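J.: What follows is a predicted protein model with its sequence.
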Amino acid sequence: MNKQISTDKAPAAIGPYSQAIEAGGMVFASGQLPINPATGAFVEGGVKEQTRQSLTNAQNILREAGVDLSHVVKTTVFLSDMANFGAMNEVYAEFFTQPFPARSAVAVKTLPKDALVEVECIAVK
């Protein structure tokens with residue numbers, strides 16, 4: 001059975017999807033934009049600040065599911081511009097430790113609300 005995961009410590013879904021779904025001992029967190037859940041607005045600053053907020057949102061969703069970032073086995077990072085990879089990577093390294101999760105990082109044409117970054121993750125309980 002699928003269990004919906006939801007917390008007010010991350011932005012509410014802005015469409016027909018869940019913040020995360022727990023299934024088969026795994027937690028699948030939807031892509032997180034750099035939205036401050038308290039204000040509903042993007043955090044101020046550039047890709048570093050946006051990456052930090054996106055990962056904080058993902059972290060809060062995982063906590064609601066009873067896991068933390070050490071349980072993450074795979075992330076996908078979507079960037080609006082691959083020139084931001086280095087700055088994103090600096091902040092990303094503040095959130096994850098060895099063994100690091102597998103990761104894909106891709107540049108996309110545009111992200112919702114013109115975000116600079118979006119991060120999704122898969123964790124194992």
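T.: Happy to help now that I have it. Every value quoted in this text rests on a predicted model; they were computed, and no experiment measured them.

J.: What is the burial count for the closest residue to Asn36 other than its chain neighbours?
T.: Take Asn36 and drop its neighbours on the chain: the residue closest to it by Cβ to Cβ, 6 or more residues apart in numbering is Val43, 5.5 Å away. Any C-beta I mention is one placed from the backbone N, CA and C, and that applies to glycine too. By the measure other Cβ atoms under 10 Å, the count of residues near Val43 is 18.

J.: any idea how far Lys3 is from Val43?
T.: Per Cβ to Cβ, to the nearest Å, Val43 is found 29 Å from Lys3.

J.: just to revisit the earlier point, what separation is there between the residue nearest to Asn36 and Thr7?
T.: 18 Å.

J.: I figured Gly31 hits Glu118, correct?
T.: Yes: applying Cβ atoms under 8 Å as the test, Gly31 and Glu118 come out as touching, 4.4 Å apart.

J.: Does the residue nearest to Asn36 touch Gln50 like I think?
T.: Yes: using Cβ under 8 Å, Val43 is in contact with Gln50, at 6.2 Å.

J.: Common neighbours of the two, please.
T.: Pro34 (Cβ atoms under 8 Å, 6 or more residues apart in numbering).

J.: Show me which positions of stretch 44-60 end up buried.
T.: 47-60 (16 or more other Cβ atoms under 10 Å).

J.: er, stretch 3-20 I mean
T.: Ile5, Thr7, Ala10, Pro11, Ser18, Gln19, Ala20.

J.: any idea how far the fifth one lies from Val117?
T.: Here the distance between Ser18 and Val117 works out to 21 Å (Cβ to Cβ).

J.: Quick one: distance of stretch 98-116 to the chain centre.
T.: 9 Å (Cα atoms, centre = their mean, to the nearest Å).

J.: first vs last residue of it, how far apart are they?
T.: 26 Å (Cα to Cα, to the nearest Å).

J.: Please apply the same query to stretch 96-110.
T.: End-to-end distance (Cα to Cα), stretch 96-110: 26 Å.

J.: Need the contact partners of it.
T.: By Cβ under 8 Å, 6+ apart, stretch 96-110 touches 69-70, 72-82, 85, 88, 121.

J.: Can you give me the buried ones in that stretch?
T.: For stretch 96-110, by 16+ other Cβ under 10 Å, it's Phe96, Ala105.
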